[in-house]
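Pasting the sequence and the predicted coordinates here, then a few questions.
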Amino acid sequence: MPGRILSEAEIDDIDFSYIITTATRTPTESYPEEQQEHLDELRTRAVTYVQRGAREQFETVPMNEVTRTLFSQATEAAHEFTASRAALVGADTQASERHYEATAAWIRAGAEFFDAVHEVLETRDQNVREAIERWTRQQEAEELSPQQQQLRNDPQALNGDIAQVLNGNGAQRPNGNGAQAATTPHRPPTPGTGQQRRRGR
């Protein structure tokens, strides 16, 4: 609708789309080798992050101040890169130098912004993994008996249970040699069964 003021979210989406378009539609094999390699990397990263849901992530969770600053710098660099490339048609050396510098600025700003995008997506994925682990532990805990839950939450409780058993809950306490003590009282030897008295000479 003509004359309608775009919201901040819409402006962000337009600029984000512009950054992605700039990165993915740059002509291949048209730049010096030292720049072409970095432009190819920006293209690969742009495709990867879109596939990983970067756009949806920023629609759900607004960029923080640092990421927004890098986002603005990348947007500005992308516009200058595109404008200077368009000016190359039948241009002179000055226009070529301008585009070379604009390309270098776009490579730098684009890489810094994509670094921030990478961190955001890695943090998101880590949070998801931790949430799944918490949910899994909760589901497993609900299936355990109270005693099993105690042993799981406090492994030292298992050692305490063992000590309690050894201290008189039906188990035999080991003697000093590690063998179990006898359960019948000690009886003196039966007369005549012991060692014979030695006869005198």
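Okay, I see it. Numbers count the residues shown, from 1 in each chain.

who are the neighbours of the helix or strand encompassing Glu76, in terms of helices and strands?
Remark: Glu76 resides in helix 65-86, with elements defined by DSSP states H and E. In terms of contacts (3 or more CB pairs under 8 Å, 6 or more residues apart in numbering; DSSP states H and E), helix 65-86 is packed against helix 8-24, helix 93-142. Any C-beta I mention is one placed from the backbone N, CA and C, and that applies to glycine too.

and Thr48, which of the ones you listed is closest to it?
Nearest to Thr48 among the helices and strands packed on helix 65-86 is helix 93-142 (9.0 Å), distances taken as CB to CB.

and the direction of that closest one versus that of helix 65-86, what angle?
Relative orientation of helix 93-142 and helix 65-86, computed by axes from the mean of the first three to the mean of the last three CA atoms, to 10 degrees: 150 degrees.

Helix 93-142 - what's its average pLDDT?
Along helix 93-142, the predicted confidence averages to a pLDDT of 92.

That helix - contacts with which helices or strands?
With contacts defined as 3+ CB pairs under 8 Å, 6+ apart, the secondary structure elements packing on helix 93-142 are helix 8-24, helix 33-51, helix 54-60, helix 65-86.

at 7 Å what do you get?
Applying 3 or more CB pairs under 7 Å, 6 or more residues apart in numbering; DSSP states H and E, we find helix 93-142 packed against helix 33-51, helix 54-60, helix 65-86.

Adding mean pLDDT, distance to Trp135 and mean neighbour count, write those out as a markdown table.
As requested, the helices and strands packed on helix 93-142 are exported to a markdown table (pLDDT from 0 to 100; distance: least, CB to CB, whole Å; neighbours: other CB atoms under 10 Å):
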| stretch | mean pLDDT | distance to Trp135 | mean neighbour count |
| --- | --- | --- | --- |
| helix 33-51 | 95 | 26 | 16 |
| helix 54-60 | 91 | 20 | 15 |
| helix 65-86 | 94 | 29 | 18 |
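
is it possible to export those to a markdown table including distance to Ile20?
As requested, the helices and strands packed on helix 93-142 are exported to a markdown table (distance: least, CB to CB, whole Å):
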| stretch | distance to Ile20 |
| --- | --- |
| helix 33-51 | 5 |
| helix 54-60 | 8 |
| helix 65-86 | 9 |
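
Nearest to Arg137, out of the ones you listed?
Among the helices and strands packed on helix 93-142, helix 54-60 comes nearest to Arg137, with 25.8 Å by CB to CB.

Just name the most buried of the helices and strands packed on helix 65-86.
Compared across those, helix 8-24 shows the largest average neighbour count, a mean of 16 (mean count of other CB atoms under 10 Å).

what is the orientation angle of that helix with helix 93-142?
For the pair helix 8-24 and helix 93-142, the angle between their directions (the same axes, to 10 degrees) equals 110 degrees.

What sits closest to Met63 if chain neighbours are left out?
Across the structure, with CB to CB, 6 or more residues apart in numbering as the measure, the residue nearest Met63 apart from its sequence neighbours is Phe71 (6.0 Å).
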